[in-house]
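Chemist: Take a look and give me a structure for this.
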Amino acid sequence: MLPARPKARAAARPPGDQAGRTTTRPERPDRRRANRWRAAGLCAALLLLFLITVLSVSVGARSIPFGTVLRGLFSPDGTENAVIVQDYRLTRTLLGLAVGAGLGLAGALMQALTRNPLADPGLLGIESGASAAVVAGIGFLHVTSPSGYVWFAMAGSALTAAAVHTLGTAGRGAPSPIRLVLAGTAVNASLIAGISTLTFLDRDSFAALRIWSVGTLAGRGDDVLVQVLPFLLIGVVLALALAGPLNALALGEELGSALGARPVRTRVLVAVAVALLCGAATAAVGPVGFVGLIVPHAVRLVTGPDQRWLLGYCLVLSPALLLGADVLGRLLVRPDELAVGIVTAALGAPVLVVLVRRRKVPQL
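Modeler: This next block holds a predicted model:
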């Protein structure tokens, strides 16, 4: 009866496991099902973006029938309505698409790199840094074209990001999201004071401040879009290429390095991408806050922490939010309009309060 024991043990082993070990592989059907749901959600986001884009071209201070809008887009006849649709609404919509994508991706990159859910280009003063650099360029060097604004805006955003990070991580104790936000608030206040001082001394700078103090899509020609679009495209491509390394670094620097990610190079490339995206967006329309804060948090409810899906969703939903806020600003006080920066601030401030209360961070 003794030889029968090994057979009983072998029969007790899981099927297909000759070593007697249980497998711990993730279930591929569940992963595929989750990816199908994410893909379906991305298609729905694309449809939403298309509808808001059509609404942005169709709605304005002047009521134009939808059929006339379509004729003005595809077969312009030189009439006043066709000129309004082609030269104003279409350009405004395309600029909103490009700027919204840039701001949303910049916010997602900052949150992923700093592991700070409150990171946002506007909230941390980076957009104000870009605006201050633009106004200084106009006041001291008499820069007059958006192609010149871009370089000043990117330099200002990069320097401000470095200053906020240094202040937010200095001192005793571990860095916290609230400390970083407070550092951004302090830097932002200093930049606003500097801008105000400069505008009192120079009339050209005062005119520039009127443009950049509140972000708006109105009054921007197609030349602005053409000059900032290359910088935005480079930033978008770079941001999407960093999704894999950011996923690896989310596991920790040691494990991320073992998986092939290079922490130093990834940080540098993220900083370059954020400077390109924020600088070009601010040079085009001025500071528009909270887009990079609202969209990534909403997207994570669907995608989870996977940066490949998160950045893809942000690329679609961020311009949808910006254009939707712009359309809302046109409708609320019609025939006048609210600047899109005011509308996004009104939408984003409650979101910020909710995020801070949910985290319950005691350190200041």
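Chemist: Helices of the stretch 151-300 of the chain, start to end?
Modeler: Ranges of helices in the stretch 151-300 of the chain, per DSSP state H, counting those that start in this stretch, are 177-201, 203-212, 222-241, 243-249, 253-258, 263-285, 291-303.
Chemist: Go through the ones you listed and name the closest to R330.
Modeler: Of all the helices of the stretch 151-300 of the chain, it is helix 263-285 that lies closest to R330, at 15.1 Å by Cβ to Cβ. For the C-beta atoms, the positions are set from N, CA and C on the backbone; glycine is no exception.
Chemist: between the closest one and helix 222-241, how many degrees?
Modeler: Orientation of helix 263-285 against helix 222-241 (axes from the mean of the first three to the mean of the last three Cα atoms, to 10 degrees) gives an angle of 160 degrees.
Chemist: where does this structure have low pLDDT?
Modeler: Low-confidence segments of the chain, defined by pLDDT under 70: 1-28, 171-177, 203-213, 358-364.
Chemist: Just the buried positions in the longest helix seen in it, please.
Modeler: If you go by DSSP state H, the chain has its longest helix at helix 28-58. For helix 28-58, burial by neighbour count (16 or more other Cβ atoms under 10 Å) applies to 38, 41-42, 45, 49, 52-53, 55-58.
Chemist: before we move on, back to that, just put the helices of the stretch 151-300 of the chain in TSV and tack on mean neighbour count and distance to N116.
Modeler: Shown next, in TSV, are the helices of the stretch 151-300 of the chain (neighbours: other Cβ atoms under 10 Å; distance: least, Cβ to Cβ, whole Å):
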stretch	mean neighbour count	distance to N116
helix 177-201	17	5
helix 203-212	18	26
helix 222-241	18	17
helix 243-249	20	14
helix 253-258	13	16
helix 263-285	24	13
helix 291-303	22	11
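Chemist: out of these, nearest to D120?
Modeler: helix 291-303 (3.8 Å).
Chemist: which helices and strands does the closest one pack with?
Modeler: Contacts defined by 3 or more Cβ pairs under 8 Å, 6 or more residues apart in numbering; DSSP states H and E place helix 291-303 against helix 28-58, helix 91-114, helix 307-332, helix 340-359.
Chemist: was I right about T303 contacting C314?
Modeler: No. Between T303 and C314 there is no contact under Cβ atoms under 8 Å: 9.3 Å.
Chemist: Quick one: closest of the helices and strands packed on helix 291-303 to S75.
Modeler: Closest to S75 of the helices and strands packed on helix 291-303 is helix 28-58 (Cβ to Cβ; 14.8 Å).
Chemist: Hey, what's the angle from that closest one to helix 91-114? Just curious.
Modeler: Counting by the same axes, to 10 degrees, helix 28-58 lies at 150 degrees to helix 91-114.
Chemist: how far does helix 28-58 sit from the chain's center?
Modeler: Centroid separation between helix 28-58 and its chain, computed with Cα atoms, centre = their mean, to the nearest Å, is 18 Å.
Chemist: what do you get for stretch 218-233?
Modeler: Centroid displacement of stretch 218-233 relative to its chain, using Cα atoms, centre = their mean, is 17 Å.
Chemist: got the CA positions of it in PDB?
Modeler: C-alpha atoms of stretch 218-233 as PDB (Å, rounded to 0.1, in the frame of the first residue of the first chain):
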ATOM      1  CA  ALA A 218     -11.300  85.400 -29.100                       C
ATOM      2  CA  GLY A 219      -9.400  87.700 -31.400                       C
ATOM      3  CA  ARG A 220      -6.700  85.300 -32.400                       C
ATOM      4  CA  GLY A 221      -5.900  85.000 -36.100                       C
ATOM      5  CA  ASP A 222      -4.800  82.000 -38.000                       C
ATOM      6  CA  ASP A 223      -1.200  83.300 -38.000                       C
ATOM      7  CA  VAL A 224      -1.100  82.700 -34.200                       C
ATOM      8  CA  LEU A 225      -2.200  79.100 -34.700                       C
ATOM      9  CA  VAL A 226       0.400  78.500 -37.500                       C
ATOM     10  CA  GLN A 227       3.200  79.900 -35.400                       C
ATOM     11  CA  VAL A 228       2.500  77.900 -32.200                       C
ATOM     12  CA  LEU A 229       1.300  74.700 -33.800                       C
ATOM     13  CA  PRO A 230       4.800  73.200 -34.500                       C
ATOM     14  CA  PHE A 231       5.700  73.600 -30.800                       C
ATOM     15  CA  LEU A 232       2.500  72.000 -29.600                       C
ATOM     16  CA  LEU A 233       2.800  69.100 -32.100                       C
END
